[in-house]
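A.B. asks: Sharing a model that was predicted from the sequence below.
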There are 2 protein chains.
Amino acid sequence: MNKLYLGLVHYPVCNKNGQIVTTSVTNLDLHDIGRLAVTFGIEKYFIIQPQLSQQLIVQELIDFWHTGGGKNYNPHRQAAFSKIALIDSLESCLAEIAQTKKTPKIIVTDAKIYPHSISYEAMRQILVENDNDYLLLFGTGWGLAPEIMAQADYCLYPIMGTSDYNHLSVRSAAAIILDRLCGHNN
Amino acid sequence: MNKLYLGLVHYPVCNKNGQIVTTSVTNLDLHDIGRLAVTFGIEKYFIIQPQLSQQLIVQELIDFWHTGGGKNYNPHRQAAFSKIALIDSLESCLAEIAQTKKTPKIIVTDAKIYPHSISYEAMRQILVENDNDYLLLFGTGWGLAPEIMAQADYCLYPIMGTSDYNHLSVRSAAAIILDRLCGHNN
């Protein structure tokens, strides 16, 4: 059985002007995507963040929901945070996953279409039929840096609605992509 | 052509103990669901909030993105906020929509299955084939009050992933539901 991991990248990502930056953490990215991770059977949800000051904030949030007041206040939220792992880089993330089996295949999304772009239906089939592990990466800020896009094994098509507006939040994109790849449209 | 409206209900909703309360506004509910509204061709996204102090906060956010610094900083976000309308009750919301045609049919979601529960595929067909207007309501807090559930014309099935965990954020639920009802799984 293959495993699907998520990674939320805070570095290297693009800013508004295409420069490579480190973004700060958004609390609801942890909550919302952690809750999606439990819903869709994700193995682990990595917060990829190299900045020490930001790591301390993430760790404080994780601790609150693992062992602090959050545990008693809302056990469902504790379950969501139990999926979250803080890590300093994509390389460390790949190495940690590789410890359990082998280096995972990387899946990304982008607003553009690439030579290795793939439909959700085709990607879903690959997830079912192969026993590789997979790491689905989401970019914060204005999106994943070109060096990560070049490293990816698969790039999912942009999510299109009924207009040409293609500016969803990373939380909304993660929800739709996980539903398309792992959900049951009942 | 029918129109689909969204409403985010802050009253009447349930709290953790099933009591009817008014919830406070979450900034990212405006951003994330506003961006979804543009993506999926939603007519208008109503923030249903009766508390004056909370209405002032919502209005300040709307003003910032309509005409304030936000307009120049990020025009895409301005587009998202152009979908947002602040209103004091579900009754006022229904009355405002009725001004343009007639009272819309109400669609809700819930963690339980009801006699009038409906699949996403069936609801999608109804949206395509009928020329009623529709108002899709989302509850904040621990969900819509029973009086709203009883008033609904359609109740969508709970969103199920691969586990029995059914505790998505309202933002994630809105993303998945709109994609299932209006998206193109490319």
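C.D. replies: Yep, that arrived.

A.B. asks: going forward, measure contacts and count neighbours with C-alpha atoms only.
C.D. replies: Fine.

A.B. asks: Up against chain B, what does chain A have?
C.D. replies: Counting by CA under 8 Å from any CA of the partner chain, chain A comes close to chain B at A:32, A:35-36, A:38-41, A:76, A:119-121, A:157, A:159-169, A:171-173, A:175-176, A:179-180, A:182-186.

A.B. asks: Could you rerun that using 6 Å?
C.D. replies: Applying CA under 6 Å from any CA of the partner chain, we find that chain A lies next to chain B at A:32, A:35, A:39-41, A:119, A:161-163, A:165, A:168-169, A:172, A:175-176, A:183, A:186.

A.B. asks: which of those residues are buried?
C.D. replies: Among the residues of chain A next to chain B, those scoring as buried are A:32, A:35, A:39-41, A:161, A:165, A:168-169, A:172, A:175-176, A:183 (criterion: 16 or more other CA atoms under 10 Å in any protein chain shown).

A.B. asks: what's the farthest-apart pair in these?
C.D. replies: Greatest spatial distance among these (CA to CA): A:G41 and A:Y165, at 29.9 Å.

A.B. asks: Show me the residues of chain A next to chain B that map onto helices.
C.D. replies: Counting by DSSP state H, the part of the residues of chain A next to chain B found in helices is A:D32, A:R35, A:T39, A:S172, A:A175, A:I176.

A.B. asks: The lowest-mean-pLDDT helix or strand in chain A: how far from the chain's middle?
C.D. replies: Ranked by mean pLDDT, DSSP states H and E, the weakest helix or strand in chain A is helix A:69-73, scoring a mean of 86. Offset of helix A:69-73 from its chain centre (CA atoms, centre = their mean, to the nearest Å): 25 Å.

A.B. asks: any low-confidence regions in chain A?
C.D. replies: Along chain A, segments meeting pLDDT under 70 span A:1.

A.B. asks: Looking at it, which helix is longest?
C.D. replies: Using DSSP H, we find that the single longest helix of chain A is helix A:52-66.

A.B. asks: Now it: buried residues?
C.D. replies: Quick answer for helix A:52-66 (16+ other CA under 10 Å): A:Q55, A:V58, A:L61, A:I62, A:D63, A:W65, A:H66.

A.B. asks: Apart from its neighbours in sequence, what residue is nearest the fourth one?
C.D. replies: Using CA to CA, 6 or more residues apart in numbering or on different chains and skipping residues adjacent in sequence, the residue nearest A:I62 is A:F81, 6.3 Å away.

A.B. asks: Neighbours of A:H116, how many?
C.D. replies: A:H116 has 12 neighbours, counted by other CA atoms under 10 Å in any protein chain shown.

A.B. asks: cool, A:N17 as well?
C.D. replies: Neighbours around A:N17, by other CA under 10 Å: 7.

A.B. asks: mind checking the SS state of it?
C.D. replies: Three-state call for A:N17 (DSSP: H, G, I helix; E, B strand; the rest coil): coil.

A.B. asks: Contacts only, for A:F64.
C.D. replies: A:G70 (CA atoms under 6 Å, 6 or more residues apart in numbering or on different chains).

A.B. asks: in stretch A:17-30, what counts as buried?
C.D. replies: Under 16+ other CA under 10 Å, the buried positions of stretch A:17-30 are A:I20, A:V21, A:T22, A:T23, A:S24, A:V25, A:D29, A:L30.

A.B. asks: which of the residues you listed lies closest to chain B?
C.D. replies: Ranked by distance to chain B (CA to the nearest CA), these are led by A:D29 at 10.4 Å.

A.B. asks: mind checking how far A:F64 is from A:L86?
C.D. replies: 14 Å (CA to CA, to the nearest Å).

A.B. asks: circling back to that earlier point, in JSON lines: the ones in helices among the residues of chain A next to chain B, plus distance to B:A111.
C.D. replies: Shown next, in JSON lines, are those (distance: CA to CA, whole Å):
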{"residue": "A:D32", "distance to B:A111": "17"}
{"residue": "A:R35", "distance to B:A111": "15"}
{"residue": "A:T39", "distance to B:A111": "13"}
{"residue": "A:S172", "distance to B:A111": "20"}
{"residue": "A:A175", "distance to B:A111": "17"}
{"residue": "A:I176", "distance to B:A111": "19"}
